[in-house]
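Engineer: only geometry, no sequence info:
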């Protein structure tokens, strides 16, 4: 077992903040995701963990990510066809702008959809609508 570093401490704090039990597997997977500035797939995280010398199976990585997503510890992005991507984000309501070339992710905190969604919900007899928005384009560096 490796000495706990900053990403590991951050991972444990994120888990504690959401009331999620910090198992060694969840902590290792989340710590690896904390190191990622954008997002990563389960397979990418598994490869990185194995390269660090961690003995963890791919199924364990998928299970950990499933719990982390269900508990709201990580966001799930769908910009790669056929594969979910995972990201540690801020706790406030936000949307994502994703580069389809390099997969850079930008969090967009200024959501102006609430008024429109309130009108749409009322017009169709819905009480409350939740929403997530993922915009895909090509960043300036990749153009």
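Structural biologist: Good, I have the coordinates. Not measured: the values here are computed from a predicted model. Residues are numbered from 1 along each chain as shown.

Engineer: dihedrals phi and psi, the residue positioned nearest the centre of the chain?
Structural biologist: Taking CA atoms, centre = their mean, the centroid of the chain lies closest to residue 87, which sits 2.4 Å from it. Residue 87 adopts backbone torsions of phi -150, psi 140, taken as degrees, to the nearest 10.

Engineer: neighbours of residue 106, just the number please.
Structural biologist: Using other CB atoms under 10 Å, the number of residues around residue 106 comes to 13. The way it works is simple: take the backbone N, C-alpha and C, and place the C-beta from them, glycine included.

Engineer: OK, contacts around the residue lying farthest from the centre of the chain?
Structural biologist: Most distant residue from the mean C-alpha position of the chain: residue 123, 32.4 Å away (CA atoms, centre = their mean). If you count contacts by CB atoms under 8 Å, 6 or more residues apart in numbering, residue 123 has none.

Engineer: any idea how far residue 5 is from it?
Structural biologist: Look at residue 123 and residue 5: by CB to CB, to the nearest Å, they are 51 Å apart.

Engineer: ok, now residue 106?
Structural biologist: On the measure of CB to CB, residue 106 and residue 5 end up 26 Å apart.

Engineer: then residue 105?
Structural biologist: Residue 105 is 23 Å from residue 5, by CB to CB.
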